[in-house]
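J.: kindly generate the corresponding structure for this input.
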Amino acid sequence: MDTSQVRLGWHDSGTYNKNIEEWPKRGGANGSLRFEIELKHAANAGLVNALKLLEPIKEKYPSVTYADLFQLAGATAIEEAGGPKIPMKYGRVDVSKPEECPEEGRLPDAGPPSPADHLWEVFYRMGLNDKEIVALSGAHTLGRSRPERSGWGKPETKYTKEGPGAPGGQSWTMQWLKFDNSYFKDVKEWKDEDLLVLPTDGVLFEDPSFKVYAEKYAEDQEAFFKDYAEAHA
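T.: Sure thing, here's the model as predicted:
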């Protein structure tokens, strides 16, 4: 199970702009993240490694589009980590050339001046609501932030120094290969300096419109799983 597959699927789909009708200018899950120009966007640092893991599968099953493969890999990683089963649909079409990649800047920034406003700007553009913003943020229960890639997090903590995979980075949760609701519990309490809380994480318990859902998910993992699966799909 590779947590970077969740990030790969999310970053390929997270460029979607519901206000643009024309494909592929509207972005979204269209396999554009396989091109070097988009892999070099600051928000996608390190994702070339996730792409390399999928290339042998793509070679074996050439009829599967990159767009579908990226989303299948992300959903599978969540399920393998103990998370909910994501209802999947297939038939996404790949863009065919680098010129069709979205411009840089459509993905969320971890430390914007006004975290709540930034989350609304990015996620409302995709057609998502406050409940879905909070539920999707819960995917930070998996994985680590590496300062050399994102500019955020510690180089290493007591939870990441052993790996698995390349050691280092800072995780949001102690068991960062397990998909559960501990992200919401840990962000709410934030007692452990070895766990990461970004400005866009902390605001989930500060802004009233987000807090109602964050509090609910901290108490009720079943509700989180249900809402996460719907929002992810």
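J.: next one: residue 163 from residue 169, what distance?
T.: 10 Å (Cβ to Cβ, to the nearest Å). All C-beta spots, glycine's among them, are computed from the backbone N, C-alpha and C.
J.: and residue 224, how far from residue 183?
T.: Taken as Cβ to Cβ, the span from residue 224 to residue 183 is 9 Å.
J.: can you map out the helices along this protein?
T.: With DSSP state H as the criterion, the chain has helices at 4-13, 36-39, 47-60, 66-80, 115-125, 130-137, 147-150, 182-189, 199-202, 208-219, 221-232.
J.: mean pLDDT lowest for which of these?
T.: Least confident of the helices of the chain, judged by mean pLDDT, is helix 147-150 with a mean of 82.
J.: before we move on, back to that, looking at residue 163 and residue 169, which one has more neighbours?
T.: Taking neighbours as other Cβ atoms under 10 Å, residue 163 and residue 169 compare with residue 169 leading, 26 against 8.
J.: wait, what's in contact with the more buried one?
T.: Neighbour list for residue 169: 144-147, 153-157, 160 [criterion: Cβ atoms under 8 Å, 6 or more residues apart in numbering].
J.: of these, buried ones?
T.: Burial by neighbour count, judged by 16 or more other Cβ atoms under 10 Å, picks out 144-146, 153-154, 156-157, 160 from the contacts of residue 169.
J.: just the ones of these in strands?
T.: Those of the buried ones among the contacts of residue 169 mapping onto strands are 144-145, per DSSP state E.
J.: where's the dip in pLDDT among the buried ones among the contacts of residue 169?
T.: Checking pLDDT across the buried ones among the contacts of residue 169, the minimum falls on residue 146 at 89.
J.: and it, how far is that from residue 57?
T.: Separation of residue 146 from residue 57 (Cβ to Cβ): 25 Å.
J.: ditto for residue 99
T.: According to Cβ to Cβ, residue 99 stands 26 Å off from residue 57.
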